[in-house]
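Asks: dropping a prediction and its sequence here:
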Amino acid sequence: MGHERDEDAGKFDDDSRESGGPSEDVVDCDRDAIPEDEREALETIAHGAVLTSGGVAAQRALIAATEFALTRGLGPTAYGVYALAWRIAQLCSRLVTFGSVPAIQRYLPEYAADPDRQGAIAGLAYATTIGFGVAIAVAVWFAAPAINARTVTEPAFAGTMRAFGGLVGLLGVVMVASALFRAVGSARGEILFNKLLRPGVRLVAAVGALGLGYSVVGVAGAIVAATAVLAAAAVPLSASVTGVRPTLRGARAEARRFYDHAAPVAMSSLGKVFQNRVDVLLVGALLTATAAGVYNVVLVVIAVSWIPLLSFNQLLPPVASELYANDRTATLNAVYGSVTRQIVTAVVPILAVLAVYGREVLSLFGAAYVDGYLPLVVYLGGVFVGSAVGATGWLLMMTDHQYARMALDWLLAVLNVGLTYVFVVRYGLVGAALGTSLAIAVQNGVQVVLLRHFEGLWPYDRSFLTPLAAGGVAVAAMYAVRALLTGLPAVLAGSAVGLAAYAASLRLLGVDPRDRFVAEQLASRYRAALAERFDR
């Protein structure tokens, strides 16, 4: 399929794109200055990002609360056993859907006028996930003792790992149900199940098990039981709300196209396990259970910095799929550039806070976890690159270049396994973070180049320098506060001062007109919604 640029659809105030500053013609966010299809796409994605950011922030808070309870309730060694088993289960959960989630995002919007074909796609997704879930559970059951012998060598590990093996398929079912909400443009449903209820039931189960005096194996069993209840509720509720009713009737006719998209994505996911999650496995294999626990806390803290990218990517895939299917590549490129800049603008202050006050944040989990500060800082570099390129992975899949992504994932996976092994042996926890950060940076850099080569998509201009400069001002302000205060007061006061300095710098340097348009439209939308609610 050819995708030539539509000059009229994608062209507006090109001078402001080049200069990076707001144009006089659009500084007041005149709606007529931006093509209608681009306005609609930006508003849809930004609205989804606002809803998702709250959900993801709550998710991260629930995860942090769970890890805090477990670090305090289990102790460093037992928590390290839990952390390694949990991370391995999470790695398996990346594979259990066998590419069904991106396939749902790709085809449900295209089949919007044909509920039967949508139902067949959903049925294939559930059947595939359940089948792989059972296979993974059986494999983990038999492999758990061998994994223990080659990693932490703790008596409780095999039982904990076997319990989490049964969890993988249940997580996959919840992910498929959440993907149905996302594919039909419902951010709320995906947020409820995937971002709130999934970590919420884990927190309740973990705290309940600890309160009853259970060991790490009992905690794992309680988490599995709670997730099973959630999975049983997610399937019928998603069908009722989205109107997409999973069925295997007609699935054979859709299977070839479904798996042609899903299979290479699944292989990409497997490659990404070795590309940017091999650190978890190598820390467990080459270091101690305590080190595995420290590294897990680092990953929990790092997860906060991924919130902007995850939030903006919430509704971007279905929007990108629709634009691409309708040959509106120029609009897709404009949207890609605007959304990527908004991600950078949102992530910079988060990275600044964690870089300056990382030690204080880690100390909240216990004194032993402060050793993770240097790995945390190293990892932040990978987060910055991964966020600064935007939704490159999703865009490759939504523009039918999943095979190119699969080849890239595996090429870099092989390279990363060797490099990370050397780094962990030589530098310990810092080496694990360094290997993963390099993998994230190389992966996303190459994906940007591939998108430009295949589809002519390129998001960057001078406007990206504005949030970077503002971030430098924020870091300086936070270090000034740190010189005066220590501990938690320094984190709270310094973060507030740094964010204020960041916002003031953005205002002084000038916000891009598209970003101003999105902010004003969303503010107007939410003010109207609040006014209507209070009027009732």
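Replies: Looks like it arrived, so ask away. Numbers count the residues shown, from 1 in each chain.
Asks: need the residue closest to the centroid of the protein.
Replies: Leu310 (4.2 Å; C-alpha atoms, centre = their mean).
Asks: give me the nearest residue to that residue, chain neighbours excluded.
Replies: The shortest distance from Leu310 to any non-neighbouring residue, by C-beta to C-beta, 6 or more residues apart in numbering, is to Val56 (5.4 Å). In this view, the C-beta of every residue, glycine as well, is placed from N, C-alpha and C.
Asks: in the helix or strand encompassing that neighbour, what's buried?
Replies: Per DSSP states H and E: Val56 is located in helix 36-74. Applying a neighbour-count criterion of 16 or more other C-beta atoms under 10 Å, one finds 37-39, 41-42, 44-53, 55-56, 59-60, 62-71, 73-74 buried in helix 36-74.
Asks: helix or strand right after that helix?
Replies: Counting by DSSP H and E, the element after helix 36-74 in chain order, helix or strand, is helix 76-96.
Asks: who are the packing partners of that next one?
Replies: In terms of contacts (3 or more C-beta pairs under 8 Å, 6 or more residues apart in numbering; DSSP states H and E), helix 76-96 is packed against helix 36-74, helix 115-150, helix 157-183, helix 216-242, helix 251-276, helix 278-286, helix 289-302.
Asks: who's in contact with the helix or strand hosting the residue nearest to the centre of the chain?
Replies: Leu310 belongs to helix 307-312 when assigned by DSSP H and E. Applying C-beta atoms under 8 Å, 6 or more residues apart in numbering, the contact partners of helix 307-312 are 45-46, 48-50, 52-53, 56-57, 60, 339, 342-343, 346-347, 350, 386-387, 390-391.
Asks: ok, back up a step: quick one, which of the helices and strands packed on helix 76-96 is nearest to Gly200?
Replies: helix 36-74 (5.5 Å; C-beta to C-beta).
Asks: tell me the mean pLDDT over that closest one?
Replies: Helix 36-74 carries an average pLDDT of 81.
Asks: okay, and for the protein, where does confidence drop off?
Replies: 1-33, 185-187, 272-277, 525-526, 528-536 (pLDDT under 70).
Asks: how's it carved up into domains?
Replies: 38-460, 462-536 (automatic domain parsing).
Asks: about what we covered before: starting at the chain centroid, how far to the helix holding Val56?
Replies: Its chain's C-alpha centre and that of helix 36-74 lie 9 Å apart, by C-alpha atoms, centre = their mean, to the nearest Å.
Asks: angle of it against helix 216-242?
Replies: Relative orientation of helix 36-74 versus helix 216-242 (axes from the mean of the first three to the mean of the last three C-alpha atoms, to 10 degrees): 160 degrees.
Asks: tilt between helix 36-74 and helix 289-302?
Replies: Angle of helix 36-74 versus helix 289-302, following the same axes, to 10 degrees, is 150 degrees.
Asks: doesn't Lys195 make contact with the residue nearest to Leu310?
Replies: Yes: at 5.6 Å, Val56 counts as touching Lys195 under the criterion of C-beta atoms under 8 Å.
Asks: what about Thr77, how many neighbours?
Replies: If you count neighbours by other C-beta atoms under 10 Å, Thr77 ends up with 17.
Asks: tell me the contacts of the nearest residue to it once chain neighbours are set aside?
Replies: Spatial nearest neighbour of Thr77, chain neighbours left out: Ala289 (5.1 Å); criterion: C-beta to C-beta, 6+ apart. Ala289 makes contact with Pro76, Thr77, Gly80, Val81, Leu84, Val152, Glu154 under the criterion C-beta under 8 Å, 6+ apart.
Asks: change it to 10 Å
Replies: Ala289 makes contacts with 76-84, 151-154, 156-157, 283, as judged by C-beta atoms under 10 Å, 6 or more residues apart in numbering.
Asks: and the buried ones among those residues, selectable in ChimeraX?
Replies: The buried residues among those can be selected in ChimeraX (16+ other C-beta under 10 Å) with this line:
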select :76,77,78,79,80,81,82,83,84,151,152,154,156,157,283
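Asks: helices of the stretch 401-536 of the chain, start to end?
Replies: Under the criterion DSSP state H, counting those that start in this stretch, helices of the stretch 401-536 of the chain are mapped to 402-427, 429-455, 465-482, 487-509, 513-535.
Asks: about what we covered before: list the contacts of the residue nearest to Leu310.
Replies: So Val56 contacts 49, 191, 194-196, 303-304, 306-311, 314 (C-beta under 10 Å, 6+ apart).
Asks: can you do 6 Å?
Replies: By C-beta atoms under 6 Å, 6 or more residues apart in numbering, the contact set of Val56 is Lys195, Ile307, Leu310, Ser311.
Asks: of those residues, which is the most crowded?
Replies: Ser311 (28 neighbours).
Asks: distance check, that one against Ala58.
Replies: Using C-beta to C-beta, to the nearest Å, Ser311 is found at 12 Å from Ala58.
Asks: how far is the helix or strand in which Ala352 is found from where the chain is centred?
Replies: Taking DSSP H and E as the definition, Ala352 sits inside helix 329-363. Averaging C-alpha positions (C-alpha atoms, centre = their mean) puts helix 329-363 12 Å from its chain's average.
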